[in-house]
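sequence plus the predicted model coming up.
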Amino acid sequence: MRKIINDPRDFVPEVMEGILAAYKDKVTTLDEDNRILMRNTPVKPGKVGIVTAGGSGHLPVFLGYVGEGMLDGCAVGNVFASPSAKKMEEMIKAADHGSGVLCLYGNYGGDTMNFEMACENAEFDDVETMQVLVKDDVASRPKEEMDMRRGVAGMVYAFKVAGAAAEDMLSLREVAEVAQEALDNIRTMGFALSPCIVPEVGKATFSIGEDELELGMGIHGEPGIEVCKMVKADEIADKVLDKLLEDMPLNSGDEVSVMINGLGATPLEEQFILYRRVAYRLEEMGVQIYMPHIGEFATSMEMAGASVTIFKLNERLKKYLREPANTPFYTNSNK
């Protein structure tokens, strides 16, 4: 294992220390607990709080989106492991500004179980909560079982529009409705070219041939839908886009935002090669692209590969997507 780390057991705490040292004007810990990151900028009284949680190892998800215009708090566990219900509960209470808290997170067993307990306990202390689960990974389940799909990079769009709705002083139910409306119009699919190594494990999470790619791979190394021989970038883009359009058809005149998300070890140049093909295909269909996102938004340690997300917009979602945000890893100036 070749990683720029100290003791593998200190991997998560030292990552947190680095984030806090770099962005202390935007974020802070809750009661010096380095597994709970909170917004460190002024909040309007009565604004709905928005929180998330999940395993470490996916930066910028989840920690990178705490701040103005997006999340009020984030709790993290060990690499690829859920934080405890207790930490989630503490975070929820701290994020309540008087109008309740939306828990917006990926559909994974440990996270859902712990958030259920955390919300139940927070309700005992008169903190109103609602939960919206991200289920955008089309490869994880067929369309008729979409409620069981995994949450992947599309959650970043949900954080953005829900955060803007909360800044607009909508009620808890209204913010939850905006988040769900966004997620109903978001589809993601990824592919992996290599495994990653969890520091405390010290070995690859799965194996894949040098001349192979896995289509539909999950961000924790969950199996995809097909292992195939490595092909050219345009063919990869076409395979992924075809699956997304099969699941969420688009028509001429539709407007979308496109996210090309590197999984940790994919150069930006290669991401732009993918984007050019996706953009060409969509523009050929008469679909307009608004505010494309190209970069690393939800990684899997040092996994090579990428995901493509399509976010179908309407006027309300478009408005909230372009609203200002200022977090460690996402800044939008509304220009």
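All right, it came through fine.

where does Gly224 land on pLDDT?
We note a pLDDT of 85 for Gly224 in this prediction.

count of neighbours near the nearest residue to Ala95 once chain neighbours are set aside?
Nearest non-adjacent residue to Ala95, counting by Cβ to Cβ, 6 or more residues apart in numbering: Gly49, 3.4 Å away. For every residue, glycine as well, the C-beta is placed using N, CA and C. A total of 28 residues lie near Gly49 under the criterion other Cβ atoms under 10 Å.

what does Arg322 give?
Look at Arg322: counted by other Cβ under 10 Å, it has 18 neighbours.

try the one 4 residues further on
If you count neighbours by other Cβ under 10 Å, Asn326 ends up with 15.

and Gly110, by the same measure?
Using other Cβ under 10 Å, Gly110 has 17 neighbouring residues.

pop out the phi and psi values for it.
When read as degrees, to the nearest 10, the backbone of Gly110 gives phi -60, psi -40.

so what's it up against?
Each residue near Gly110 by Cβ atoms under 8 Å, 6 or more residues apart in numbering is listed here: Gly77, Ala81, Ser82.

mind checking which of those residues land in strands?
Per DSSP state E, strands hold the following members of the contacts of Gly110: Gly77.

from the contacts of Gly110, which single one is nearest Thr41?
Distance to Thr41, by Cβ to Cβ, is smallest for Gly77 among the contacts of Gly110, at 25.2 Å.

in what helix or strand does Asn121 lie?
Secondary structure assignment for Asn121, by DSSP states H and E: helix 109-124.

Gln117: neighbour count?
Not Gln; residue 117 is Met. For Met117, the neighbour count with other Cβ under 10 Å is 14.

quick one: neighbours of the closest residue to it other than its chain neighbours, just the number.
Leaving aside its chain neighbours, Met117 sits nearest to Ala85 (3.9 Å; criterion: Cβ to Cβ, 6+ apart). Residues near Ala85, counting by other Cβ under 10 Å, number 20.

distance of Ala85 from Gly49?
Per Cβ to Cβ, to the nearest Å, Ala85 is found 17 Å from Gly49.

next SSE after the helix or strand hosting Glu89?
Applying DSSP H and E as the criterion places Glu89 in helix 85-94. Per DSSP H and E, the first helix or strand lying C-terminal to helix 85-94 is strand 101-106.

can you list the buried residues in stretch 318-333?
Within stretch 318-333, the residues that qualify as buried are Tyr320, Leu321, Arg322, Glu323, Ala325, Thr327, Pro328, Phe329, Tyr330, Asn332, counting by 16 or more other Cβ atoms under 10 Å.

any idea of the pLDDT on the residue nearest to His220 when sequence neighbours are not counted?
Nearest residue to His220, sequence neighbours excluded (Cβ to Cβ, 6+ apart): Phe80, at 5.0 Å. Looking at Phe80, its pLDDT reads 95.

my guess is Ala179 meets Met155, correct?
No - the pair Ala179 and Met155 fails to qualify as a contact (Cβ atoms under 8 Å) at a distance of 9.7 Å.

between those two, which contacts overlap?
Leu104.

between those two, tell me which one has more neighbours.
Using other Cβ under 10 Å as the criterion, Ala179 and Met155 rank with Met155 on top: 32 against 27.

quick check: chain neighbours aside, which residue is closest to that one?
Among residues not flanking Met155 along the chain, Val134 sits closest, at 4.1 Å (Cβ to Cβ, 6+ apart).

so what's the residue count around the nearest residue to Met16 once chain neighbours are set aside?
Distances taken as Cβ to Cβ, 6+ apart place Asn34 nearest to Met16, at 4.3 Å, with adjacent residues excluded. Using other Cβ under 10 Å, Asn34 has 16 other residues around it.

returning to that earlier point: could the buried residues of stretch 318-333 be laid out in CSV, adding secondary structure and distance to Ser140?
Converted to CSV, these look like this (DSSP: H, G, I helix; E, B strand; the rest coil; distance: Cβ to Cβ, whole Å):
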residue, secondary structure, distance to Ser140
Tyr320, helix, 26
Leu321, helix, 25
Arg322, helix, 30
Glu323, coil, 30
Ala325, strand, 28
Thr327, strand, 27
Pro328, coil, 28
Phe329, coil, 25
Tyr330, strand, 25
Asn332, strand, 29
